[in-house]
Structure formats: structure tokens, C-alpha cells
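In: take this sequence and fold it.
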Amino acid sequence: MAGDGLTAGAVARRLGVAVTTLRTWHQRYGLGPSEHLPGHHRRYTEQDLDRLQVMRRLTAQGVAPAEAAAWAQRTPLTTDEVELPRTRDGGGHAIALGSVTPAARGLARAAMRLDAPAMRDILEMVVTQNGVIRAWEEVAMPVLIGIGERYESTRRFIEVEHLLSRTVTEVLSSVPRPDSSASPRVLLAAADEEQHTLPLEALAAALAEVGIPSRLLGARVPPKALADAIDRTGPTVVVLWSQTPTSSDPDQLAQVAAAPRPPMLTAAAGPGWPDELPEGVVQLTSLEDAVNTVVAATR
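Out: Sure, this is the predicted structure:
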């Protein structure tokens, strides 16, 4: 090994961030490896690591990446010794979140600033460090719910919801997928007239983390299209998502369960479905429950 420096992979593991995040911080803000020996890749020194720890801590609390990088560059102190700069709360607007993690509060502040890079940094760090399920349930979902409630009370900030949703999609889609040689045995779809797909995207990413590939058909899948997809792919598991009662039709679930080649498991996910479901249909209550149930059915 060249010198005593750290590779990008080693630094990423120490910080709990993705290697791609380190590259972004290097390219955009100059927080890259400083040790260089001829004929070898650059390595991160302990001083580089100290600066990156400051960067990670500040961005996780919602400080804009450029501001966090400037702070990290000018301080020789470690992250535990840094007195945090005062962060903006999103232009005087706040989201009521209740008791949540610091990462969720940082994500909310970044969302209200329409700061996509900061949102992406926070989400990528949480996914890398804690996995998709915790990132979704403890960070993304509370902020999405808070923004939705704020919109209902003010009829404002739809742009915040849209940008956050787009950023969540980008981060979830960047989770490595299983080898393409493995044929997906899980089919994910939104109910007819249902436009929300983020929970299904989270499920697809969480399944990928445990090595299970899936097909995600997306929003507003009509019963005939879903039936055709089931007939052509023969999935072991079909998960149908409904966000609201207006988009939930139990008959669509019944049709899946009664198909000529029915899946081993037909599951209803989301708060839109009624308590009474067709015979043989399983209700999924959370992302963790969905992952465990699908894993059991496919293995």
C-alpha cells in the first residue's frame, strides 16, 4: 500500500457514505485526497478525513453542501470539535415533524431550500450507513408526510414535494441491483388510477439490497395490463399499491389471485385498501414487513 493513506473505499466505509458521494465532494468542492506518490492513486490523509467528517456532519444536518465544504476547508478541527454554523430553516418556513432523527430534520431543511444536492447527500449517507428500510421509514417518509400535511393546510410548497420526491427516486434507483442474469420473480405495480409509486420504488430498492430482483410497472396499471404482465412473466409474488381509497378496487386484487397461473403470493400494500380483502390476499403493513414477506415467498 502506498504510504499510510486511505483509499476512497476505506474512507467511504469510515464515514458511512457512498464512494460516489466522495467523488462528488471532490469534484464540486475540492474535498479530495491530498496524498500523492508517483505511480499510485491519490490517498486520503487523516486531515482529509477530518475535513470529510465535518462535511458529513454538516450536510446531514441540512447545511447546504457548498457552505458545509467551505466550513470544512477552513477548519483544522475534527468533527467533534467543530462549532456548527447556524443553518437556514428554508427561508423562514418549517415543516412540523415531531420526534425524528437529525437526518430527517436536515432533509426537511434542505427540502424547504429546494437544495437537491444536500437532499441527495443526506439520503445517500443514510442508505449507505443504515440501509433502505431505515432511510425510508426514519428519514424520507416523515419528511414527505410533513410536507404533505403542510400543503393540505396552506396549499403551498408543492414544488418542495416534487423536488424531494424526485431526489428520493434518484437515490433509490442508485441502490445496486442484483445480477441481470437472475430473472425477477416479483412484480410491483400501482393500482388502477393510483399515481403514487415512491413506496414501490423503496420496496424495489430494499429487495435489491437482499439480492431479490423485481419488476416495477409504475403508476396507474389497469387490470388488463396487469393480467397480461402476470401471464407473460409468471411472477411468484405480485404486490399492488394503493395510497387512497379512491384508487383501491379489491376486485383488482381478486383478479390477480384468481388468474389462470396465479402467483404464490398476492399482496395489498398501502393505506388505501379496505380492511376486508379478497380471500388469499395478504396485507402488507410496512416496508420491513413487505421485504420479509416477499423474501419468505421467494425463497
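In: which residues touch P274?
Out: Contact analysis of P274 by C-beta atoms under 8 Å, 6 or more residues apart in numbering lists P245, S248, P250. Any C-beta I mention is one placed from the backbone N, CA and C, and that applies to glycine too.
In: need phi/psi at the residue lying closest to E161 once chain neighbours are set aside.
Out: Nearest residue to E161 in three dimensions, chain neighbours excluded: I147, at 4.9 Å (C-beta to C-beta, 6 or more residues apart in numbering). Main-chain dihedrals, I147, degrees, to the nearest 10: phi -70, psi -40.
In: so what's I147 up against?
Out: Contacts of I147 by C-beta under 8 Å, 6+ apart are I95, A108, A111, F157, V160, E161, L164.
In: now, those that are in helices?
Out: If you go by DSSP state H, the contacts of I147 have A108, A111, V160, E161, L164 in helices.
In: okay, now the fourth one: neighbour count?
Out: Per other C-beta atoms under 10 Å, the neighbour tally for E161 reads 16.
In: now the third one
Out: For V160, the tally of surrounding residues (other C-beta under 10 Å) stands at 21.
In: tell me the strands in this structure, going along the chain?
Out: For the chain, applying DSSP state E gives strands covering 186-190, 215-216, 237-241, 265-269, 281-284.
In: redo those strands as CSV? Include mean pLDDT.
Out: CSV is the format used below for the strands of the chain (pLDDT from 0 to 100):
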stretch, mean pLDDT
strand 186-190, 98
strand 215-216, 98
strand 237-241, 98
strand 265-269, 97
strand 281-284, 96
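In: residues contacting W241?
Out: L188, A189, A190, A191, E194, H196, T197, P199, L200, A269, G270 are the contacts of W241 under C-beta under 8 Å, 6+ apart.
In: same thing but 7 Å
Out: With contact taken as C-beta atoms under 7 Å, 6 or more residues apart in numbering, W241 is in contact with A190, A191, E194, P199, L200, A269, G270.
In: and if you look at P271?
Out: Here P271 is in contact with Q243 (C-beta under 7 Å, 6+ apart).
In: ok, it to V294 distance?
Out: Going from P271 to V294 by C-beta to C-beta, to the nearest Å gives 19 Å.
In: from T285, how far off is E35?
Out: The gap separating E35 from T285 is 50 Å, by C-beta to C-beta.
In: tell me which of the two has more neighbours.
Out: E35 (18 against 11).
In: can I assume that one is in contact with H41?
Out: No - between E35 and H41 there is no contact under C-beta atoms under 7 Å: 9.8 Å.
In: which residues touch the spatially most central residue of the chain?
Out: By C-alpha atoms, centre = their mean, the mean C-alpha position of the chain lies nearest to L172, the distance being 4.3 Å. Listed by C-beta under 7 Å, 6+ apart, the contact partners of L172 are E201, A202, A205.
In: and the strands of the chain, which is most packed in?
Out: The highest mean neighbour count among those, using mean count of other C-beta atoms under 10 Å, belongs to strand 237-241: a mean of 28.
In: send the alpha carbons of that strand over as PDB?
Out: Extracted in PDB, the C-alpha atoms of strand 237-241 (Å, rounded to 0.1, in the frame of the first residue of the first chain):
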ATOM      1  CA  VAL A 237     -45.200 -12.500  -5.900                       C
ATOM      2  CA  VAL A 238     -47.400  -9.600  -7.000                       C
ATOM      3  CA  VAL A 239     -47.600  -6.500  -4.900                       C
ATOM      4  CA  LEU A 240     -50.300  -3.900  -5.700                       C
ATOM      5  CA  TRP A 241     -50.000  -0.500  -4.100                       C
END
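In: can we start the residue count at 751 from this point?
Out: Yes, from this point I'll number from 751; that puts the last item at strand 987-991.
In: what angle separates it from strand 1015-1019?
Out: Counting by axes from the mean of the first three to the mean of the last three C-alpha atoms, to 10 degrees, strand 987-991 lies at 20 degrees to strand 1015-1019.
In: good, we can wrap up now.
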